[in-house]
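J.: next input, structure requested:
(one chain, ligands or ions: 2)
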Amino acid sequence: QQKAEDVLPYLNDRCVYLVGMMGSGKTTVGKIIAEVLGYSFFDSDKLVEQSVGIPSVAEIFQVHSEAFFRDNESEVLRDLSSMHRLIVATGGGAVIRPINWSYMRKGLTIWLDVPLDALARRIAAVGTASRPLLHQESGDPYAKRPMPNLQHFLNKEWIHMLMLMPEYPLKILHSNKDIMM
Ligand SMILES: Nc1ncnc2c1ncn2[C@@H]1O[C@H](COP(=O)(O)OP(=O)(O)OP(=O)(O)O)[C@@H](O)[C@H]1O
Ligand SMILES: O=C(O)C1=C[C@@H](O)[C@@H](O)[C@H](O)C1
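T.: Numbering: from 1, shown residues only. Ligands and ions are numbered 1, 2, ... in the order given. Here you go, the predicted structure:
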């Protein structure tokens, strides 16, 4: 609570955008930070699903296209950028479009950095059916296309902070909120 009180004046009601690779923990971490700060939590993928009326990102890619999903994602991020006191877990691919940077830079952006092998383990644990980018082509999509990994974005001035996320047993992650701040 003390740390939250230290951070809140610095944030000055700005939104916090969590960015990073698929499975890096944006939702998990975002909900904890929102609870600690007393901010509202939003998941931009979920908002796109609601606005399009299709219940999963994988289905939106299938029924329409990735470009359609990205257009809607940009609209969602634009709308969120005029709001305050939100913690936003963005989609793993949101950082690909420069227009999204201009929305997110109005708040504070935090890149969650997780080693690739940990990401692979997490994604494998829940299966890849809900991961459209892993189904687009054979081979390793993280290697084949310009995936939003840290090397591409570290020098961007709109990434304000880097949070190195070690593997935590989830019980510890949720019970010791101090490690987030
Ligand atoms: N620090 C952590 N240590 C161990 N497991 C974690 C950690 N953070 C998240 N996880 C686990 O990794 C998985 C992915 O987490 P989460 O859904 O929060 O990621 P995300 O970045 O929001 O993913 P998405 O690409 O779906 O938006 C979940 O099963 C979650 O429980
Ligand atoms: O899981 C996936 O494959 C994806 C989910 C969304 O976050 C998208 O932003 C991402 O580009 C693709």
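J.: burial count for Ala124?
T.: 10 (other C-beta atoms under 10 Å). (Each C-beta comes from the backbone N, C-alpha and C, glycine too.)
J.: how near is it to Val57?
T.: Separation of Ala124 from Val57 (C-beta to C-beta, to the nearest Å) stands at 18 Å.
J.: likewise for Met163?
T.: Computed as C-beta to C-beta, the Met163 to Val57 distance reads 23 Å.
J.: Ala118 too?
T.: Ala118 is 21 Å from Val57, by C-beta to C-beta.
J.: hey, which helix or strand in the protein has the poorest pLDDT?
T.: helix 141-144 (a mean of 46; mean pLDDT, DSSP states H and E).
J.: how about Leu8, secondary structure?
T.: Following DSSP: H, G, I helix; E, B strand; the rest coil, the label given to Leu8 is helix.
J.: make sure it is actually in contact with Leu37.
T.: Yes: between Leu8 and Leu37 there is a contact at 6.5 Å, judged by C-beta atoms under 8 Å.
J.: backbone dihedrals for the spatially closest residue to Ile110 that is not a sequence neighbour, please?
T.: Leaving aside its sequence neighbours, Ile110 sits nearest to Met161 (C-beta to C-beta, 6 or more residues apart in numbering; 4.6 Å). Taking degrees, to the nearest 10, you get phi -140, psi 150 for the backbone angles of Met161.
J.: which residues does Met161 contact?
T.: Leu108, Thr109, Ile110, Trp111 (C-beta atoms under 8 Å, 6 or more residues apart in numbering).
J.: ok, the biggest helix by length in the chain near ligand 1 or not?
T.: Longest helix of the chain, by residue count under DSSP state H: helix 66-80. No: for a cut-off given as C-beta under 6 Å from any ligand atom, helix 66-80 has no contacts with ligand 1; the smallest distance is 11.8 Å.
J.: and that helix, what's buried?
T.: By 16 or more other C-beta atoms under 10 Å, the buried positions in helix 66-80 come out as Glu66, Phe69, Arg70, Asn72, Glu73, Ser74, Val76, Leu77, Leu80.
J.: contacting residues for the closest residue to the third one other than its chain neighbours?
T.: Same thing as Arg70. In space, and not counting its chain neighbours, Arg70 is closest to Arg97: 6.1 Å by C-beta to C-beta, 6+ apart. Arg97 makes contact with Arg70, Glu73, Ser74, according to C-beta under 8 Å, 6+ apart.
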